[in-house]
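1. pasting the sequence and the predicted model now:
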Amino acid sequence: MSDEKIGKIDAATFASFLLHRTGAADPSVIVPPTAGIDAGVVDLGNNRVLIVAEDPIFAIPNQPYDLFGWHTVHIGASDVAVMGVKPQYMTYSLLMPPGTPDQDFRTIVDAIDLAAKDLGIAIVGGHTGYYPGFAAPTIGGITVFAVAEKGEYITSAGARPGDDVLLTKGPAIETAALLSVLRENELKAKYPAWLVKAAQDLCWQMSVVADAALAREAGEVTAMHDATEGGVIGGLFEIAAASNTGMVIDEAQIIYPKEVRMVCEQFNLDPLASIAEGTLLLTADPSSSDAIIDLLTRSGIPVSVIGKVTDNPGERTIRRVDGTIEELHIPEQDPFWPVFFESTC
């Protein structure tokens, strides 16, 4: 692979270029595109708001198409769920190479339909077709919507000094899931087959819809964020930056599944900096932390308190397990992407 950047555009270009090109100004847009905030919010009047988020989704080699369809819905829905509301509506564009077998097309659409029904989401539009230039079926965009009361939603800008910081499932969930599928033979040559299978099963954990709903139900959650590109360390920085707070994190308190450690060690990846769809980061009033942990744990979702929000925006640090102190930051390059594209070439 070349040294060209892969993945999301860098934060500096986002702030200096894209944020100045957001179309017509409209006072009804009350949460515009903002770094670290997962969805936009539009004031509909009568104390109601529209919450909307969009993502692309692409299939990976060796991934069953029913899983691709499931990811389409859950990855899109996760960005609305972290706003503290239930996803309600969606549209999607399915773009396929000419010659895609009809059975593959039907499997994808059936899986999207089933996942949407499972989450109670109505599909209200989209586009489906065959186009040259695509090597595999691709979701050009899934857009997920919800209508809520004005005071019902939260954003990742809501963290308050004194709040606990919690993390579900562990870091690098998506990294471990996808690389264990792509590099299965390589991993099985070195590690037990059951551990490789456990990593592959994480593909069905790449969602924070349940995590977010349960956390919100259990206690006073002030901010939530889906740890995607840039991983946990980037997601934590984005919450702190959006909230204009500090944050002190202890890596030793983070849950580390064995299968995540295996994949990250094999490919020399920092688990905290690697893409982590399926990992929910949240802040909560300390009086609510025990209830949040109890409800998520009883629901089969591991979670732990990993640090505190502070009142000093100049203090955004993580103590690594070796005792070193590192600044929270958005990695210039998510380390997952070069390994991913090496695996698909």
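-> Right, received. Where do you want to start? This is a predicted model, so every value here is computed, not measured.

2. quick one: contacts of the helix or strand where residue 326 lies?
-> Using DSSP states H and E, the element containing residue 326 is strand 325-327. For strand 325-327, contacts defined as C-beta atoms under 8 Å, 6 or more residues apart in numbering pick out 233, 316-320. Backbone N, C-alpha and C define where each C-beta goes, glycine included.

3. and which of those residues is nearest to residue 65?
-> Among the contacts of strand 325-327, residue 233 lies closest to residue 65 (C-beta to C-beta), at 32.7 Å.

4. pLDDT value on the residue nearest to that closest one when sequence neighbours are not counted, please?
-> Using C-beta to C-beta, 6 or more residues apart in numbering and skipping the chain neighbours, the partner closest in space to residue 233 is residue 272 (4.5 Å). pLDDT for residue 272: 97.

5. Three-state assignment for residue 272, please.
-> Classification of residue 272 using DSSP: H, G, I helix; E, B strand; the rest coil returns coil.

6. which residues touch it?
-> 171-172, 231-233, 251, 254, 318.

7. so it versus residue 329, what's the distance?
-> As judged by C-beta to C-beta, to the nearest Å, residue 272 and residue 329 stand 11 Å apart.

8. how about the CA coordinates for the next helix or strand along the chain from the strand holding residue 326, as CSV?
-> Of the helices and strands lying after strand 325-327 in sequence (DSSP H and E), the nearest is helix 336-344. The C-alpha coordinates for helix 336-344 follow below in CSV (Å, rounded to 0.1, in the frame of the first residue of the first chain):
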residue,chain,number,x,y,z
PHE,A,336,-6.6,-0.5,10.9
TRP,A,337,-6.9,0.7,7.4
PRO,A,338,-3.4,-0.1,6.0
VAL,A,339,-3.7,-3.7,7.4
PHE,A,340,-7.3,-4.0,6.1
PHE,A,341,-6.3,-3.0,2.5
GLU,A,342,-3.2,-5.1,2.5
SER,A,343,-5.6,-8.0,3.3
THR,A,344,-7.9,-7.3,0.4
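
9. picking up where we left off before, quick one, which of the contacts of strand 325-327 are buried?
-> The neighbour count (16 or more other C-beta atoms under 10 Å) marks 233, 316-319 as buried among these.

10. ends of stretch 80-99, what's the gap?
-> In stretch 80-99, first residue to last residue: 34 Å (C-alpha to C-alpha, to the nearest Å).

11. name the residues of that stretch that are buried.
-> So stretch 80-99, judged by 16+ other C-beta under 10 Å, has buried residues 80-96.

12. what are the ranges of the strands in the stretch 101-250 of the chain?
-> 122-130, 138-149, 164-168, 221-226, 246-250 (DSSP state E, counting those that start in this stretch).

13. sheet partners, orientation included, of the second one?
-> Looking at strand 138-149 with DSSP bridges, its paired strands and their directions are strand 48-58 (antiparallel), strand 89-96 (antiparallel).

14. please apply the same query to the first one.
-> Here the strand partners of strand 122-130, with direction, are listed using DSSP bridges: strand 89-96 (parallel).

15. can I get the CA coordinates of the strand it pairs with in CSV?
-> Coordinates of the C-alpha atoms in strand 89-96 are reproduced here as CSV (Å, rounded to 0.1, in the frame of the first residue of the first chain):
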residue,chain,number,x,y,z
TYR,A,89,-36.8,5.7,9.8
MET,A,90,-34.1,5.0,7.2
THR,A,91,-33.2,5.3,3.5
TYR,A,92,-30.4,3.5,1.8
SER,A,93,-28.6,3.3,-1.6
LEU,A,94,-27.4,-0.1,-2.6
LEU,A,95,-24.9,0.1,-5.5
MET,A,96,-23.9,-3.2,-7.1
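
16. check contacts around the spatially closest residue to residue 186 that is not a sequence neighbour.
-> Excluding the flanking residues, the one nearest residue 186 by C-beta to C-beta, 6+ apart is residue 266, at 7.4 Å. Each residue near residue 266 by C-beta under 8 Å, 6+ apart is listed here: 183, 186-187, 190-191.

17. model confidence for residue 266, exactly?
-> On the pLDDT scale, residue 266 gets 97.

18. what's the closest of the strands of the stretch 101-250 of the chain to residue 12?
-> strand 221-226 (20.1 Å).

19. off-centre distance for stretch 176-184?
-> Between the centre of stretch 176-184 and the centre of its chain there are 18 Å (C-alpha atoms, centre = their mean, to the nearest Å).

20. what's in contact with that stretch?
-> 60-63, 187, 196, 199-203, 205-206, 257, 259-260, 262-264, 266-267, 278, 336, 339-340, 343-344.

21. mean confidence for that stretch?
-> 96.

22. for that stretch, list the C-alpha coordinates in PDB.
-> Provided in PDB are the C-alpha atoms of stretch 176-184 (Å, rounded to 0.1, in the frame of the first residue of the first chain):
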ATOM      1  CA  ALA A 176     -10.600  -7.600  15.500                       C
ATOM      2  CA  ALA A 177     -13.900  -8.700  13.900                       C
ATOM      3  CA  LEU A 178     -12.900  -7.800  10.300                       C
ATOM      4  CA  LEU A 179      -9.300  -8.700  10.400                       C
ATOM      5  CA  SER A 180     -10.100 -12.100  11.900                       C
ATOM      6  CA  VAL A 181     -12.300 -12.800   8.800                       C
ATOM      7  CA  LEU A 182      -9.800 -11.500   6.300                       C
ATOM      8  CA  ARG A 183      -6.700 -13.100   7.900                       C
ATOM      9  CA  GLU A 184      -8.300 -16.300   9.300                       C
END
